[in-house]
Structure formats: structure tokens, C-alpha cells
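# Predicted model and sequence follow; I will ask about them next.
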Amino acid sequence: MNHEGIGWQRPAAVDVGYPASGGARAALVLSDNPRFEQLTATRVTWLETVAPYEPGQFYKRELPAVQAVLAELPELPDLLLIDGFVDLDPDGTPGLGRRVHREFGFPVIGVAKTAFRSALHALEVSRGQSTRPLYVTAAGLEPKSAADLVRQLSGRHRIPDALRAVDRLSKGLDPGMSLARNGS
């Protein structure tokens, strides 16, 4: 696999939703190209219980849900987008993305919508007409390559279509993107 994005044939994006009634809904969308021009499959997993939210320890709440939805796949993705940070600071304090990368080995790109006070290493990426940047971090590929890929992701808006789709799925909604009918 090329770390510049050429050759990624099983990219995925993951997100976790937390309904007011409790539990968690982990959602994953797959594509056959790293721009996520169309989805080839989706997965949703329900967890009855989740850890309480702890600032700076978000992985404790989210990692079990990500593990559960990845376990449903017949083959792991070769690239994963997450809504959040890979590392929490320039010293490499691991966030959710780093922990996923360590466990599964594939490259992980973190795409955060808001700045985290200690994530001074995150690269700002502007998309669409938005003046508000996204904050990109990465494990398993160069941060600049990750930022370039985020700029090129399908979608005309600030939030790439793949992340919008997986966010909708994590909330129990239709992903809002076309699903390729290729037998997946």
C-alpha cells in the first residue's frame, strides 16, 4: 500500500453516536476509493453500555464501539477516517486514532471539527466555501498526505461526504449518500 493514498481499496470512515436513552451506535461506511465518491457498504453495531465521558479520555468511551463495528467486517479496511484526533498533542499523547492504529495497524486519519487546546500539531484544512478549518492528524502516514487526502475527499462542503454519512448512520438516520450495488 502506498502511503500517498494510491492503492487504498478498502477505505472506511467510522463514528459513534450516543442516544439520550443510553448505549452507543457505532457506524462504519466503506468505499472502494480513498475519495469516498460512493459507498460500497455500511455497518452499524449497537452497544448496550458505554463508559462515561471523561475529558481527554474519549477513547475509553469510543474505542470499544469502534472495535465492535470493525469486528463485523469480513476484511479490515486499509485506511480509516475518524471524527476526532489521532494524537492529543505534539508529544504524541495517544487519542482514539492512535489507539486504533496501534491495535489494527492500518493508517488512521483524524478529522476534527473543533480545535483541541493541546493539539497544536494538527494541520488546518479548509474545504468548500467554509472559513472554519478542519483539524487533521494521522498515524501510519505523513500528516501532510493525510491533510491532502482530506482536501480531496468527496463533497462540496466543509465536512466531507463520508464523515457526514457515517455521522448520520451513527444517529440512526439514512447515510444520505449513494450505496454502490456491487454485491457488498
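Perfect, thanks for sending it.
# For the one helix or strand in the chain whose mean pLDDT sits lowest, could you pull out the residues that count as buried?
Taking mean pLDDT, DSSP states H and E as the measure, helix 58-71 is the helix or strand of the chain with the lowest mean score, a mean of 93. Going by neighbour count (16 or more other CB atoms under 10 Å), the buried part of helix 58-71 is 58-59, 61-70. Heads up, the C-betas are built off the backbone N, CA and C, glycines and all.
# What of stretch 12-20?
Within stretch 12-20, the residues scored as buried using 16+ other CB under 10 Å are 12-18.
# which one of the residues you listed sits closest to residue 32?
residue 12 (10.9 Å; CB to CB).
# Spell out the secondary structure type for the residue nearest to residue 69 when sequence neighbours are not counted.
Using CB to CB, 6 or more residues apart in numbering and skipping the chain neighbours, the partner closest in space to residue 69 is residue 26 (3.9 Å). Following DSSP: H, G, I helix; E, B strand; the rest coil, we place residue 26 in the strand state.
# Residue 164 now?
Going by three-state DSSP, the secondary structure assigned to residue 164 is helix.
# Could you tell me how far it is located from residue 113?
11 Å (CB to CB, to the nearest Å).
# Of the two, give the one with the bigger neighbour count.
Each of residue 164 and residue 113 has its neighbours counted (other CB atoms under 10 Å); residue 164 has more, 20 against 13.
# what pairs with the most centrally placed residue in the chain across the strands?
Nearest to the mean C-alpha position of the chain, counting by CA atoms, centre = their mean, stands residue 82 at 1.8 Å. Counting by DSSP bridges, residue 82 forms beta bridges with residue 14, residue 110.
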